[in-house]
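> The following block contains a protein sequence and its predicted model.
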Amino acid sequence: MTCRTERLRGAGGDEIEAYVARPERQGAYGGVVVIHHMPGWDAGSKEITRHVAALGYTAACPNLYAREAPGADPDDAAAASRAAGGVPDERVVGDVAAAAALLRAEPTSNGKVAVIGFCSGGRHTVLSAASLDLDAAVDCYGGFVTNAPPAGFPVPVRPIPDKVADLRCPLLGLFGAQDSSPGPEHVAELERLLREAGKAYELHTYDDAGHGFFSADRPAYRQHAAVDGWARIARFFGEHLD
């Protein structure tokens, strides 16, 4: 694959950066927007972007904190974003739309684009899938979809259960039973909303995992859950992007 940082026009016409990984693959194939987690546009998020490219899809991860801290260390950029009150939902949707447009403009694009997000990016995945015309969405332990943040949470975030009925594409959700946000009760509420709205979905919970089980560089990493989760993601993308 080839990987590079590119510039694109995000929400409001602002110039932001995106990490783009392109597989060296013949033919036409889909693209995937990777939405980074609250810690920011960091090495782990770029590794996920490369992993998606290794599955055979062009992947783009926009830097949602580019305006607050252009060129800054990911930790500093995340802190600057928190100090500014976080990223507004409408701006996230605009940046994801710009990344999706970049992917659809690829010479190898078959016109299909999915979105995947982890942690806060999981919530942003649901938000984007309810706001944009996408072909598939993967929510990896996204908190505050159906549950409100705890008191003292560093940025203002509202739950978005009202958005579930607006989903425009199939949803795959991967969760840990030992997580508290979202906890099993919040995942159950998400499933209830999806079922009542007649949406296409698959939800899976790993009993021995908590929040962040995909993060190989963190104590929360759970190998079995991560390996099985990536296999489910690959199958899901194959069904909806190929």
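Arrived safely, thanks for sending.
> Please list the outside residues in contact with the helix or strand harbouring residue 5.
Using DSSP states H and E, residue 5 sits in strand 2-9. Strand 2-9 is contacted by residues 15-22, 24, 46, 49-50, 53, 60, 62, 98-99, 102 when judged by CB atoms under 8 Å, 6 or more residues apart in numbering. Glycine gets a C-beta too; all of them are placed from N, C-alpha and C.
> can you count the residues close to residue 69?
The number of residues packed near residue 69 is 21, by other CB atoms under 10 Å.
> Let me fix that, I meant to ask about residue 142.
Using other CB under 10 Å, residue 142 has 29 other residues around it.
> any idea how far residue 28 lies from residue 111?
In this view, residue 28 and residue 111 are 8 Å apart by CB to CB, to the nearest Å.
> Note down every partner strand of the next helix-or-strand element following the strand holding residue 5 and its orientation.
Note on strand 2-9: by DSSP H and E, the next helix or strand toward the C-terminus is strand 15-22. Strand 15-22 has its sheet partners listed here by DSSP bridges as strand 2-9 (antiparallel), strand 58-62 (antiparallel).
> could those go into JSON lines alongside mean neighbour count, mean pLDDT and distance to residue 200?
Below are the strands paired with strand 15-22 laid out as JSON lines (neighbours: other CB atoms under 10 Å; pLDDT from 0 to 100; distance: least, CB to CB, whole Å):
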{"stretch": "strand 2-9", "mean neighbour count": "12", "mean pLDDT": "97", "distance to residue 200": "30"}
{"stretch": "strand 58-62", "mean neighbour count": "27", "mean pLDDT": "98", "distance to residue 200": "23"}
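> Show me the one of those that comes nearest residue 129.
strand 58-62 (15.8 Å; CB to CB).
> What average pLDDT does the helix or strand immediately after the closest one in the chain get?
Downstream of strand 58-62, the first helix or strand assigned by DSSP H and E is helix 74-83. Helix 74-83 shows a mean pLDDT of 92.
> May I see the buried residues of helix 74-83?
By 16 or more other CB atoms under 10 Å, the buried positions in helix 74-83 come out as 74, 77-82.
> Tell me the buried residues in the top helix by length along the chain?
Using DSSP state H, we find that the single longest helix of the chain is helix 223-241. By neighbour count on 16+ other CB under 10 Å, the buried set for helix 223-241 is 225-226, 229-230, 233-234, 236-237, 240-241.
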